[in-house]
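Colleague: got a predicted structure plus its sequence, pasted below:
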Amino acid sequence: MNSSLPTTPIVFLKPSTAYVINEGSIRIPKNCQELHHEVELGVVIGRKESSVNENEAEDLIGGYVIALDMTARDLQSKAKNSGEPWSIAKGFDTSCPVGNFIPKEALPNANSLDIWCKVNGQLKQKGNTSDMIFTIPHLISYISQYFTLEIGDLILTGTPEGVGPVKSNDIIEIGIGDISKASFKIE
Ligand SMILES: O=C(O)/C=C/C(=O)CC(=O)C(=O)O
Ligand SMILES: [Mg+2]
């Protein structure tokens, strides 16, 4: 996205009303003319803890999901330019579609997974979690210094290149290789 590499993770929050389960619909938020898909690996927290170091972080992982960080890019750019928070741009209703839960034991290689996103059958994003700027233990440790992590919390880990716009009636499909797949329609 032409931003310089962050030296610490950029953290924002989505409310639980952002969730959409597999085969659900995504709503374009009010005043948004540019809604973008961002496919991301999601880490589901399985144990309540705060202030963990990177070595302890692995123990907090309960499992994974494939997820979308749906972003009202125009509203985010406006907020960035005026120094305002990203809450609406990132946290509007239906901004966090998720696939089915995958237990940690079923995904021992979370740091080298192919993740992908198709829009109307066309591949738009393809990346590998080994290319993430920050490792999963680093993200968990960093976030846990500020927020107590609770069972069921979901951490999205950042998106690979290829983010782009979607419009009404588009179908977004996301997946982890051929291990997990989910599909959503833009209302
Ligand atoms: O810096 C920007 O303009 C946008 C950054 C993001 O939206 C960050 C993400 O959500 C991501 O990289 O996954
Ligand atoms: Mg993102």
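Modeller: It's in. The shown structure was predicted, so the numbers you read here are calculated from the model rather than taken from an experiment. Ligands and ions are numbered 1, 2, ... in the order given.

Colleague: any idea how far whichever residue of the chain sits closest to ligand 2 lies from residue 178?
Modeller: Per Cβ to the ion, residue 69 is where the chain lies closest to ligand 2, at 3.4 Å. From N, CA and C alone the C-beta is placed, and that goes for glycine too. Counting by Cβ to Cβ, to the nearest Å, the gap from residue 69 to residue 178 is 22 Å.

Colleague: comparing these two, which residue is more hemmed in?
Modeller: When residue 69 and residue 178 are compared for neighbours, residue 69 comes out ahead with 22 against 8, by other Cβ atoms under 10 Å.

Colleague: what does this protein put close to ligand 2?
Modeller: Contacts of the chain with ligand 2, taken as Cβ under 5 Å from the ion, map to 38, 69, 159.

Colleague: quick one on the thing from earlier: so who does the nearest residue to the residue of the chain closest to ligand 2 once chain neighbours are set aside touch?
Modeller: Leaving out its chain neighbours, the residue that sits closest to residue 69 by Cβ to Cβ, 6 or more residues apart in numbering is residue 38, at 4.1 Å. Each residue near residue 38 by Cβ atoms under 8 Å, 6 or more residues apart in numbering is listed here: 68-71, 125, 159, 163.

Colleague: and the residues you listed, which is closest to residue 105?
Modeller: residue 68 (24.7 Å; Cβ to Cβ).

Colleague: pLDDT value on the closest one, please?
Modeller: You'll see residue 68 listed with a pLDDT of 99.

Colleague: just residue 4 next, same as before
Modeller: Confidence score, pLDDT, at residue 4: 89.

Colleague: and it, helix, strand or coil?
Modeller: Following DSSP: H, G, I helix; E, B strand; the rest coil, residue 4 is assigned to coil.

Colleague: may I have the phi/psi pair for residue 174?
Modeller: Per-residue torsions, residue 174: phi -130, psi 160 (degrees, to the nearest 10).
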